Every structure is written in structure tokens, then in C-alpha cells.
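Participant: Just the structure for this:
(2 chains)
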2 protein chains.
Amino acid sequence: MTLSTDIAELRRGTQELILEEDLQRKLAKGKPLRVKAGFDPTAPDLHLGHTVILNKMRQFQDQGHHVMFLIGDFTGMIGDPSGRNATRPPLTPEQIAANAETYKAQVFRVLDPARTEVMFNSSWCNQLGAAGMIRLAAQHTVARMLERDDFSKRFAEQRPISIHEFLYPLMQGYDSVAMRADVELGGTDQKFNLLVGRELQKHYGQEPQVIITLPLLEGLDGVNKMSKSLGNYVGIQDAPGEMFGKLMSVSDELMWRYIELLSFASLPMVEAWKREVAEGSNPRDTKVRFAQEIVTRFHGAASARDALADFEARFREGAIPESMPEFSLAAPAGGLPIAQVLRSAGLCPSTTEAVRLIEQGGVRVDGERVSDKGLRLVVGSEHILQVGKRRFARVTLAVPGNSAGDRG
Amino acid sequence: MTLSTDIAELRRGTQELILEEDLQRKLAKGKPLRVKAGFDPTAPDLHLGHTVILNKMRQFQDQGHHVMFLIGDFTGMIGDPSGRNATRPPLTPEQIAANAETYKAQVFRVLDPARTEVMFNSSWCNQLGAAGMIRLAAQHTVARMLERDDFSKRFAEQRPISIHEFLYPLMQGYDSVAMRADVELGGTDQKFNLLVGRELQKHYGQEPQVIITLPLLEGLDGVNKMSKSLGNYVGIQDAPGEMFGKLMSVSDELMWRYIELLSFASLPMVEAWKREVAEGSNPRDTKVRFAQEIVTRFHGAASARDALADFEARFREGAIPESMPEFSLAAPAGGLPIAQVLRSAGLCPSTTEAVRLIEQGGVRVDGERVSDKGLRLVVGSEHILQVGKRRFARVTLAVPGNSAGDRG
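Facilitator: Numbering: from 1, shown residues only, chains lettered A, B, ... in the order given. Down below sits the predicted model:
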């Protein structure tokens, strides 16, 4: 691959890359870059949103670079020093170690273990001492720190900012110094902190790291960020069939976004898929290919094939007709209960009747029999509902404001 | 002594005492209080201005309390962490130890060594570690810190404040926690930092310290603060004769201020002196008594008696007339050179002639022959000049703006 191809792939899906000329210069040296990304030391339960950064790390690995998976255990062992947040107790070294193992079990489904160095910042932060912390704090001014978006907002609104909050960006920057990072990856909200790393490295006589910020992945609704609490997520520990079904339910538009941020298919390959669809191919075929890639990544090829076969069998078995009534329902962030959707789609006269039908086993969603009366359909998803043998409806749970359908 | 007499003496000359009811409660327990005052670890060369705090410490000792002389070596060993100030290199432990000895040699002319504990804050600050520093920083908000006068001014003027400057008041407050201070003494400019100590002690479950701020002592000019660079000081290592002469040169008004802040004469005694002067006694007698007390403190009673005898002999010997021309000369902060004063007072036609007369040994100031052509007379002082046997003038070096005299 050429340097420019490499850079194009590294730039893919990123929010910002500062500075591209720095990256070019570093790559031109022909030596593996030291690529840093930091993670909380709390017990992780990752979803695809979290893998956006892991994927970028993996891209670097695929280009032969050295990836440093940093677990921020130093501040984790302090807990909430203000004592105001009882839900953030200090973690013990044993808990940190256990959480690190949980991380490894999950992230090595994306990262190459042979090219990943797991690091803990307590090893150099503890050595800093109180004096080192003061020296570090001398490297930044109060006014510069208050330029950070969330600080400036809180300051303007006279909401308290504890002084130790000013120290955390500096600690994170010092990590880059201690790790001699060439590149640091982070979420968009991390931009300020990543820039502090650049400055501190210059101060310590190092070449400043390239910083790459990555966007938050949209959830299945295509609007809100993917999150456990919004219920619009694909967990990387989701069962193969569930993972496959969720990915098949996303809109065609969102599919391309997911492919940009989650697929390892090369850019020319993705371009070819887009051409196919533009020339008349069914986007569903691309969606299947993409969903297969993701399920394979987390569960292996055999599970992915089984999930696909199972998915298709369900639809065949139900003898789903080509055409049926279509509804778009406005739905709140938490989605809608199945009974309400059935009534709004005109498949039942009331939610009471809908519940009765579910209890009798007469309701299917996407060909699968519904047994849970409390099932909720998530915002942004599209489903085929079936009551009895012959009554069908295709429903889309639209984001409020985008809907032309019945509010139920 | 009663509690109220004790408190009246402790309140003498202070700027603020926060809170008096806290002090009453602490004293009422009948146990020796732990009284803290902090000092820079740089090599000291003290003048009477520095002894204002030492005198207050001594008062506490005289009332049976335990005085802690804190040398702030922790930050001294860091130096200027911003690296901008080359004149503040980090001090080595050996330098700190040597400076501490220099301190002891000087301060034990005021303090009772048997009731003084010399402490170094590095012993607990180093133990804090980076994590302890973060926990400490969590105890204060950015907004509260910016309320400190100098910070708010610099912030408003967009002059940089390094973040480590926010840590120093917290470290100083933590000293109070580590030392379990009942009282902390400091200059007026220290009020904010001393209050931080009160807050941190509460946070650590201690009774908050009483804070006592003391004013800056005016220099011999009675206007500017006493300072080496302004030349308006009495060094505690000044020779007895020089010390005595300088103190005899202060105005009657300034004399009472010095007595308030520098004399150990009790309040009723000082009241008696004031009554004597009000009833017609010559204030010069009080000035002699006070100057004798101070010289005795730093050089012993014999040296003080010698200085007085010498001072009086010089005046007798010179056969100084009762009446002579009087001049008030406006002088800049650095005072005026003797040659210029002689010309302005009309004792010489030119400064060249004045220099020639000094070289011939024909000039006296306050009865003492001048040998140094570069001698400067300080602002605010009053002197009798003599050229040859018979030409006299009384000159006052007035503060600019207060003078009606020749500008020379």
C-alpha cells in the first residue's frame, strides 16, 4: 500500500486529524508508530459504539503499528476525590486487574493481541509524586483550561468546577509523554485533552502526538448515540442471532454509516458496494454481507452462517407476502411496547386484545414468535408484524418529528 | 493574667483575628495552643519588618503556648516549576538545612528556643503523593480560588495564572492539617491562604484554626513598607550603633507605631508612656527607651548602653547649637546622596565641592564624621548636617508630595 492509501484509510470515519502533515512525517520514517488510546478502569460491557475506536486501533495494527491499550487505573484507584459521588468508590488493585481481564476478553475480538500492549498509568503516575504533580500543573494556565467547552459552560453558569478536574487533562497528557505516543485516539469530547498531550510532549522535548478524534456511533434509531440506557445498542456479547437481527433492522442510510465506522472492508470495496446499489441491487444484500462480517468478528463464521440461515428460515416459514400495509409510528427514545404498536398498526382493536394474542402465541415480529408481552421495539427500527396466519403490517418506529404516521 | 488581658495583648497590632470566639474557646481549655507561622526556605536576612510576626509568636510563647516555626521547604525544593523564573532554582536539601540554621541564628533573638519547634513541610507533603495532591485539589473550586484578590485581578486582566498556583494555597492549608494548628499567623496578604487552612481542617475533622493577620511594618520613611530595596530598613544584624541611630531618626508618630508592633512593653506600660508625653515629657526620652529595648534584644544590654553613650557623645562633642536653618527636601524612594543634600541645604556651593569636603573629613551627619562619599540619606529621616566647625543645618528627607522645601 502507498502512504496516501494508508492515510486515506486512517482518516476514514474520523472527526478530526491533527495534524495530517505530522502524521505524514511520522509515517514517512517507516518505523512502527506508537498508538495510544485510553480506557476507564471500570468493568466494561462493550457495544458496537465502543468498537469505533478499537477498529481504528486495529487499522493501525493492520498497517504494522504498535497499539497501546491504556487502562487509566491511577484515577480509578482515587475514586471520586470530592466525596460527593458515592457511586464512584475507589477501585482496589484486584478490581482493576479483574476489569483488565474483562477488557481483554472483549477487545481482543477486535485487536490483534500480538500487536497490543496493555498498559496501566498508575505505574508512572504514582512515581510523579506531589512535587511532580505541581510541576505538571505549572505547564498550563487557568484561562487555557477554562477554554474547554464543558468547563467554560459550567464556569459561565457558576456551577462548581473542582480544582482536581483541571489536573485530569494534564495527567492524561502526561500519559502521552510517559508512553512516548506518536498518535492518540479519542472521542470527539476528548479533543481538548488530546491537545494537552501534544503541548506537554513539546514541553518534554518530544515530537507532538497526532490526535485523531472519532465520532460517537449512532444507535439503531440512527439519531441518538448508541447507549445501553437508550436501548438502541448492539452489545458485542449479544447472541449471534440477536446481533444479526438488530443489524438487519437498521435503515439503509444508517447501514452506510455503520459500514464506514464498523466494517473492515477497504474503501475501494465499499465504493464498489455503493455502485452496485446505485445501479439497482437490493441494499438488503449489502446489509446481509455487513451483518455477516460483524457477527463473524464476534462469534466466528459458523455462528454467522447459522444466524443468517435462521433469519431467512423464519421469514420463509411465515410466508410473508410481498406487499402489505405500511405504518410509520412516532416513538419516544425508549421505543414502544409491542401491544401499542399492534394496535396502532390496526392489527388489534386494543392493547388488551394484543396482550391476549401474544399469550396465545399468535404474534410474530420479523417472523419470530413473540413470547414476551413487555417487548419494546426500538426507535429507528423497521419490522414486519404478523397476527395469526394472514394479517401483516410493516412498521417503522420513527424519531419524533420525522413521522407522518399514527401516534397510537 | 486574665483571659481577656491575654486576648488584648494577642490582638495588639493585628490586622484581623478570625474568629475571636474561636480563640476564646481554645484558650478556655487551658491547654497550650499550637501556633503556626510559615517561612520561605530561602536564605533569610531579616529586618525589623520581619520580626512583627516573630514578636506575635513570642507573645504566644510568653503566654505558655507552643510555637511551630514552619520552613516551607517542599515548594522550595521544586523551585519555579514553570521554568520562567531563572532566579528561583530548586534548593537542595543541604541548602535548605543551611538556610534553616541561618534562620535559627536570627529568629532565636526573638523566639524562645525551648518553646519553638522548627518543622519542615516536605516531611508530610512528599508523603501526599500524586494521588493525595488530587484529593487535596478536589477540596476547592476554581471559582472560590479566583476570589483571591491577586488571582481575580490577574484573571480580569487576562494575565496568566498557572494551575500550580492554585495548588499552593491548598498545600499551605494542608500544612495546618498535618501540624494540627490551633492558630496560624501571617501577613495581611496571606489572609486567603490562612482561610483555606480553616476549611481544610474542618474537612479533615479538625477544629478550624484561628487566623491572625499582621500588617506590614512601615519603613523609616513612615510611608513605604520596610524593605531592603527601598533602603528604609533596620536590619536585625545591623551594628548596635547603626540600629540605635536609625531608630532615633524616626518621627514621633512612627515611634508609637513601632512601639505597638516591635516593643514587648505591656499595653498598660505603653499607655503610661503616652500619658507622659501628652503631659509634656520630651518624646525623645521614649524613643531612647524604645531604641534601647530593640538594641538590647538583638545585641544585649551592654551594646545598647554603649550605643546610647556613643550617640550622646557625638552630639556633645560636636557642640551642636540649639537653633539652625531647617530644610525639608523632597526625596525619591531610594533617598538622596549626601553631596546633593549638602548642596540643597546651602552648606556647599556644588556637589563637587561637597565631595571634596567629605574627602577632607569636614562633613558630619548626626555628629558622626562621614567617610563614604556615596552615603545616601533615606526618605523620612531627619538629620543634623555639619560642615567644618560652625556651619549647621537640620534636614528632613520628605516623601515626594509632602515637601515644601528645595528640590535640589
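Participant: Check the stretch 151-300 of chain A for the residue nearest chain B and tell me.
Facilitator: residue A:164 (3.7 Å; C-beta to the nearest C-beta). C-beta: built from backbone N, CA, C; applies to glycine.
Participant: Revised request: answer the last question for the stretch 251-400 of chain A.
Facilitator: residue A:333 (33.2 Å).
Participant: pretty sure that residue contacts residue A:378?
Facilitator: No: under the criterion of C-beta atoms under 8 Å, residue A:333 makes no contact with residue A:378, lying 9.2 Å away.
Participant: Can you work out which residues contact both of those two?
Facilitator: Residues touching both residue A:333 and residue A:378 (C-beta atoms under 8 Å, 6 or more residues apart in numbering or on different chains) are residue A:221.
Participant: what about the two, which has more around it?
Facilitator: Using other C-beta atoms under 10 Å in any protein chain shown, the more surrounded residue of residue A:333 and residue A:378 is residue A:378, with 21 against 17.
Participant: What distance do you get for that one to residue B:88?
Facilitator: 61 Å (C-beta to C-beta, to the nearest Å).
Participant: what does residue A:256 give?
Facilitator: 59 Å.
Participant: ok, these two, which is more surrounded?
Facilitator: Per other C-beta under 10 Å, whichever of residue A:256 and residue B:88 has more neighbours is residue A:256, with 19 against 16.
Participant: Tell me the helix or strand right after the strand or helix carrying that one.
Facilitator: Taking DSSP states H and E as the definition, residue A:256 sits inside helix A:252-262. Next along the chain after helix A:252-262, taking DSSP H and E as the criterion, comes helix A:267-278.
Participant: which helices and strands does the helix or strand following that following helix pack with?
Facilitator: Helices and strands here follow DSSP H and E; after helix A:267-278, the next one along the chain is helix A:283-299. With contacts defined as 3 or more C-beta pairs under 8 Å, 6 or more residues apart in numbering or on different chains; DSSP states H and E, helix A:283-299 has these neighbours: helix A:240-248, helix A:252-262, helix A:267-278, helix A:301-317.
Participant: can you tell me the helix or strand for the residue positioned nearest the centre of chain A?
Facilitator: When C-alpha atoms, centre = their mean is applied to chain A, the residue found nearest the centroid is residue A:49 (0.7 Å). Applying DSSP H and E as the criterion places residue A:49 in helix A:48-62.
Participant: which secondary structure elements does that helix contact?
Facilitator: Helices and strands touching helix A:48-62, by 3+ C-beta pairs under 8 Å, 6+ apart, are helix A:3-11, strand A:34-39, strand A:66-71, strand A:183-187, strand A:210-214, helix A:252-262.
Participant: run the last query once more with 7 Å
Facilitator: If you count contacts as 3 or more C-beta pairs under 7 Å, 6 or more residues apart in numbering or on different chains; DSSP states H and E, helix A:48-62 packs onto strand A:34-39, strand A:66-71, strand A:183-187, strand A:210-214, helix A:252-262.
Participant: Just the mean pLDDT for the second one, thanks.
Facilitator: The one in question is strand A:66-71. Strand A:66-71 shows a mean pLDDT of 94.
Participant: and if you look at stretch A:126-144?
Facilitator: Per-residue scores along stretch A:126-144 average to 91.
Participant: In that stretch, which residues are buried?
Facilitator: The neighbour-count check on stretch A:126-144 (16 or more other C-beta atoms under 10 Å in any protein chain shown) flags A:128-142, A:144 as buried.
Participant: Of those residues, which ones also sit close to chain B?
Facilitator: Contacts with chain B within the buried residues of stretch A:126-144, counted by C-beta under 7 Å from any C-beta of the partner chain: A:128-135, A:137-138, A:140-142.
Participant: follow-up on the earlier one: quick one: the helices and strands packed on helix A:48-62 as JSON lines, columns for distance to residue A:244 too.
Facilitator: Listed next are those as JSON lines, based on distance: least, C-beta to C-beta, whole Å:
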{"stretch": "strand A:34-39", "distance to residue A:244": "27"}
{"stretch": "strand A:66-71", "distance to residue A:244": "28"}
{"stretch": "strand A:183-187", "distance to residue A:244": "27"}
{"stretch": "strand A:210-214", "distance to residue A:244": "25"}
{"stretch": "helix A:252-262", "distance to residue A:244": "13"}
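Participant: Among these, which comes closest to residue B:357?
Facilitator: strand A:210-214 (75.1 Å; C-beta to C-beta).
Participant: Just list what that closest one packs against, helices and strands only.
Facilitator: Applying 3+ C-beta pairs under 7 Å, 6+ apart, one finds that strand A:210-214 makes contact with strand A:16-18, helix A:20-28, helix A:48-62, strand A:183-187, helix A:191-203.
Participant: Burial-wise, tell me which of these comes out on top.
Facilitator: strand A:183-187 (a mean of 24; mean count of other C-beta atoms under 10 Å in any protein chain shown).
Participant: Quick check: which helices or strands does that strand pack against?
Facilitator: strand A:34-39, helix A:48-62, helix A:191-203, strand A:210-214.
Participant: Among the ones you listed, which comes closest to residue B:349?
Facilitator: Across the helices and strands packed on strand A:183-187, residue B:349 has its closest neighbour in helix A:191-203 (62.8 Å, C-beta to C-beta).
Participant: that older thread, for residue A:295, find the nearest of the helices and strands packed on strand A:210-214.
Facilitator: The nearest among these, by C-beta to C-beta, is helix A:48-62 at 11.4 Å.
Participant: pLDDT on that closest one, on average?
Facilitator: Mean pLDDT, helix A:48-62: 94.
Participant: can you check stretch A:392-404 too?
Facilitator: Averaging pLDDT along stretch A:392-404 gives 70.
Participant: With stretch A:75-90 instead?
Facilitator: Here stretch A:75-90 scores 72 as its mean pLDDT.
Participant: swap in stretch A:329-346?
Facilitator: Mean pLDDT, stretch A:329-346: 86.
Participant: Distance-wise, check residue A:98 relative to chain B.
Facilitator: 21 Å (C-beta to the nearest C-beta, to the nearest Å).
Participant: Outside of the strand or helix carrying that residue itself, list whatever touches it.
Facilitator: According to DSSP H and E, residue A:98 maps onto helix A:93-107. With C-beta atoms under 7 Å, 6 or more residues apart in numbering or on different chains as the contact definition, helix A:93-107 has outside contacts at A:39, A:41-44, A:46, A:54, A:69, A:71, A:73, A:76-77, A:118, A:236.
Participant: Please repeat the previous calculation with a cut-off of 10 Å.
Facilitator: For helix A:93-107, the surrounding residues in contact (C-beta atoms under 10 Å, 6 or more residues apart in numbering or on different chains) are A:37, A:39-46, A:50-51, A:53-54, A:57-58, A:69, A:71-74, A:76-77, A:89, A:91-92, A:111, A:113, A:116, A:118, A:120, A:122, A:235-237, A:298.
Participant: List buried members of those residues by neighbour count.
Facilitator: Here, 16+ other C-beta under 10 Å leaves A:37, A:39, A:41-42, A:44, A:46, A:50-51, A:53-54, A:57-58, A:69, A:71-74, A:76-77, A:91, A:111, A:116, A:118, A:120, A:122, A:235-236, A:298 buried among the contacts of helix A:93-107.
Participant: one step back: so the helix holding residue A:98 versus helix A:48-62, what angle?
Facilitator: 80 degrees (axes from the mean of the first three to the mean of the last three C-alpha atoms, to 10 degrees).
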